[in-house]
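Undergrad: Here's my sequence, what's the structure:
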Amino acid sequence: SSTPAFWLALLLLMVFSVWLGWLPVGLSVPIGVEAGSITLADRLYHAILPALTLSITGVANIALHTREKMIDVMESEYVLFARARGESRRSIVLRHGLRNVALPAITLQFASISEIIGGSYAKGLAANEDSLLTVKHGDITTTINGDKTTSTEFVVGGSKVAGGAGANLKTGNISLTITGGTFGKEGKTNDYELVMGGNYLKASTGDVSVNNTATAENITVNISGGKFDTSVTGGSVAHVYGSGDKKQVLSVTDASTSVNITNGTFRQSSSTGQGAIELDPSIIGGGLALVTGTQGTAISTINGNTRVTINGENVDIKDKVLGGSLAQGKGAKVTIGKEGGTSTSAVVVENVNSVGDLVGGNMTEDNRTMEAKDVTATLHGNSSVTVKAGKVEGDIIGGSYARNAGTVTTNGNTSVVFNAANSPTVSQAEYIVGGDKVLSNGTATGEITGTSSVTINNDASVTTGAVVGGSFRECPAYTLLYQFSPKD
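TA: Presented below is the predicted three-dimensional model:
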């Protein structure tokens, strides 16, 4: 089931097309034949190898699931009664076994969906007299009631625009609710994967130049179950990719974002290839500005607040939880709040089985050789992490995080608070940092204009690591500006 489809396709081409010469090497119709002369048999002949490849890669899960169901049926009481009546094994399998396992197998076959979009999908649009189409929506509500047999790789709570001259989006409130299912694939994958609450703008630098925008009101993501082998972001996403020479500009704006998690297991997106999405955090409370190509500009703006709330003793999050937004790649920029405002970016852990790093503010990430100004994250207001119960197995950062590259700025205060209602434990944290954290041998920088602090109330346990009321830096290139109040 984990065999890459492209690898299997190449193998089948070598055997059946190159070595044996039974099937065509490519194309959907014979070469040099007029369209009117192409028969259905010609099309089926050229479709054999593609259909065979996809069938082989998809049959493993169905076969295992069908076998498990058949074992359950053969051990059931009505099969035992049929045996007592003297029915043969062949008769039992045909009359009782196949009838009961057929429907689950068919359900599983059609339960895998590549992409779910709550709103509209505009693809490959052309500009009309230098003007773009504007796609308008009221409120959008998407609910995914999945189970262990259902899976999807990409979820967009709002609308999506990709290719061509694009379009501008205007959306009301967006609500995405997930109660179960499997999202993304384990380990590295060639398919791009992500679960997002807001809109999605995507453009390739090999396509025509675009300057697209998307706006949304309040966005809420509620997750009460599921297996996530992909990152979850609460807000909208601007994604520029490719190795072309076109300068793409994508900008997404949300009023506020909120991610609420009460159950489920979570990992991060880890895909390769063109248009790949490979992220460090598992959960992003705000938006995502992503530039994976050679050039381009991706901007994410949250005008109000961002928040991640975790409250479930069965919640397992392997990687980072980010209260704010993520800027990744040269030309990526994220902003929360308005200049002079008092927006908040927060992570609140009411209870959790296990979680990795907790970051209250924003995050920048990319190559260490980049300049600090190439990727930026700004918060006009305060950021915080509050832990009340559960097990934290990573660092806790009240401010923002610059990883390898970028500039993180907080025009306000940052804090970490252990309000230990049920004695939370921090078993493996290297650092508990009230301010920013910057890890880089390059030019990453951080700035906090207000105060930073760590407060521990009641019985909280920190078994390893250091508690730092201010900020943490790894290299001399780091520049940090902050001030302390007397109580700090």
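
Undergrad: Flag the shaky bits of the stretch 51-200 of the chain, pLDDT-wise.
TA: Filtered on pLDDT under 70, the stretch 51-200 of the chain yields the residue ranges 58, 106-112, 126-132, 148-149, 190.

Undergrad: try 80
TA: 54-65, 103-114, 124-133, 146-151, 163-167, 187-192 (pLDDT under 80).

Undergrad: Not counting residues beside it along the chain, what's closest to N382?
TA: Nearest residue to N382, sequence neighbours excluded (CB to CB, 6 or more residues apart in numbering): G412, at 4.3 Å. Using the backbone N, CA and C atoms, a C-beta is placed for each residue, glycine as well.

Undergrad: what comes up buried for stretch 147-161?
TA: 149-161 (16 or more other CB atoms under 10 Å).

Undergrad: and if you look at stretch 290-308?
TA: Neighbour-count burial for stretch 290-308 flags 290-293, 295-308 (criterion: 16+ other CB under 10 Å).

Undergrad: Which stretches in the chain count as helices?
TA: Assigned helices in the chain, in chain order: 5-12, 40-74, 77-84, 89-92, 98-109 (criterion: DSSP state H).

Undergrad: by contact count, what packs against the longest one?
TA: This means helix 40-74. Packing contacts for helix 40-74, counted by 3 or more CB pairs under 8 Å, 6 or more residues apart in numbering; DSSP states H and E, involve helix 5-12, helix 98-109.

Undergrad: Just give me the neighbour total for S91.
TA: By the measure other CB atoms under 10 Å, the count of residues near S91 is 12.

Undergrad: what's the nearest residue to it if we skip its chain neighbours?
TA: A82 (7.8 Å).

Undergrad: and if you look at R83?
TA: Excluding its sequence neighbours, the residue lying closest to R83 (CB to CB, 6+ apart) is I92, at 6.9 Å.

Undergrad: To what extent is the one you found buried, counted in neighbours?
TA: For I92, using other CB under 10 Å, the count is 19.

Undergrad: Check E339 too.
TA: The number of residues near E339, taken as other CB under 10 Å, comes to 8.

Undergrad: T141 too?
TA: Using other CB under 10 Å, T141 has 12 neighbouring residues.

Undergrad: wouldn't it be in contact with T171 here?
TA: No: shown here, T141 and T171 do not form a contact pair, counting by CB atoms under 8 Å, at 11.7 Å.

Undergrad: picking that back up, with distance to S256 as extra columns, can I get the helices of the chain in TSV?
TA: Shown next, in TSV, are these (distance: least, CB to CB, whole Å):
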stretch	distance to S256
helix 5-12	40
helix 40-74	39
helix 77-84	54
helix 89-92	59
helix 98-109	38
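
Undergrad: Could you name the stretch from those helices that's closest to E278?
TA: Of all the helices of the chain, helix 5-12 sits nearest to E278, with 18.2 Å by CB to CB.

Undergrad: so what does the closest one touch, helix or strand wise?
TA: Applying 3+ CB pairs under 8 Å, 6+ apart, we find helix 5-12 packed against helix 40-74.

Undergrad: Who are the contact partners of the residue nearest to G187 when sequence neighbours are not counted?
TA: Distance criterion CB to CB, 6+ apart; nearest residue to G187, sequence neighbours excluded, is S270 at 6.7 Å. Contacts for S270 were tallied using CB atoms under 8 Å, 6 or more residues apart in numbering; they are G187, K188, T189, D229, E278.

Undergrad: Closest one to Y121 out of those, please.
TA: Using CB to CB, T189 is the member of the contacts of S270 that lies nearest Y121, at 21.8 Å.

Undergrad: so that closest one makes contact with S271?
TA: Yes: counting by CB under 8 Å, T189 does reach S271; the two are 5.0 Å apart.

Undergrad: gap between the spatially closest residue to W22 that is not a sequence neighbour and A41?
TA: In this structure, W22 finds its nearest non-sequential neighbour in F16, 5.1 Å apart by CB to CB, 6+ apart. Using CB to CB, to the nearest Å, F16 is found at 18 Å from A41.

Undergrad: more crowded one of these two?
TA: Taking other CB under 10 Å, F16 and A41 do not tie; F16 has more neighbours (17 against 8).

Undergrad: quick one on the thing from earlier: I'd assumed L10 was in contact with the residue nearest to W22.
TA: No: using CB under 8 Å, F16 makes no contact with L10, being 11.5 Å away.

Undergrad: The stretch 201-350 of the chain: strands as residue ranges?
TA: For the stretch 201-350 of the chain, applying DSSP state E, counting those that start in this stretch gives strands covering 211-229, 232-233, 237-241, 249-266, 281-284, 288-291, 297-302, 306-317, 320-322, 326-328, 332-336, 343-355.

Undergrad: hmm, back to that, quick one: which of the contacts of S270 is most hemmed in?
TA: Within those, most neighbours by other CB under 10 Å means D229, with 22 neighbours.

Undergrad: Quick check: that residue touching K188?
TA: No: here D229 does not reach K188: they are 10.6 Å apart, not a contact under CB under 8 Å.

Undergrad: wait, isn't V25 in contact with L13?
TA: Yes: with contact defined as CB under 8 Å, V25 and L13 form a contacting pair (6.3 Å).

Undergrad: okay, these two: which has more neighbours?
TA: Looking at V25 and L13 with other CB under 10 Å, you find the greater number of neighbours at L13, namely 17 against 12.

Undergrad: Where does the prediction get shaky in the stretch 201-350 of the chain?
TA: 208, 271-276, 293-294.

Undergrad: try it again with 50
TA: Regions of the stretch 201-350 of the chain meeting the criterion pLDDT under 50 are absent.

Undergrad: end to end, how far does stretch 22-36 reach?
TA: Terminal residues of stretch 22-36 lie 25 Å apart, using CA to CA, to the nearest Å.

Undergrad: Could you give me the buried positions within that stretch?
TA: L23, P24, V29.

Undergrad: Need the worst-confidence member of those.
TA: In terms of pLDDT, V29 ranks lowest among these, with 81.

Undergrad: Quick one, which of the helices and strands packed on helix 40-74 gets closest to T253.
TA: Closest approach to T253 among the helices and strands packed on helix 40-74 (CB to CB): helix 5-12, 37.0 Å.

Undergrad: any idea of the mean pLDDT for that closest one?
TA: In this model, helix 5-12 has a mean pLDDT of 84.

Undergrad: Give me the angle between that helix and helix 40-74.
TA: Put simply, helix 5-12 runs at 120 degrees to helix 40-74, going by axes from the mean of the first three to the mean of the last three CA atoms, to 10 degrees.

Undergrad: ok, how many other residues are close to the residue nearest to S91?
TA: Look at A82: counted by other CB under 10 Å, it has 17 neighbours.

Undergrad: and what of the one 3 residues further on?
TA: R85 is flanked by 7 other residues according to other CB under 10 Å.

Undergrad: and the gap between it and T309?
TA: As judged by CB to CB, R85 and T309 stand 57 Å apart.

Undergrad: do T378 as well
TA: 23 Å.

Undergrad: And for T57?
TA: Going from T57 to T309 by CB to CB gives 38 Å.
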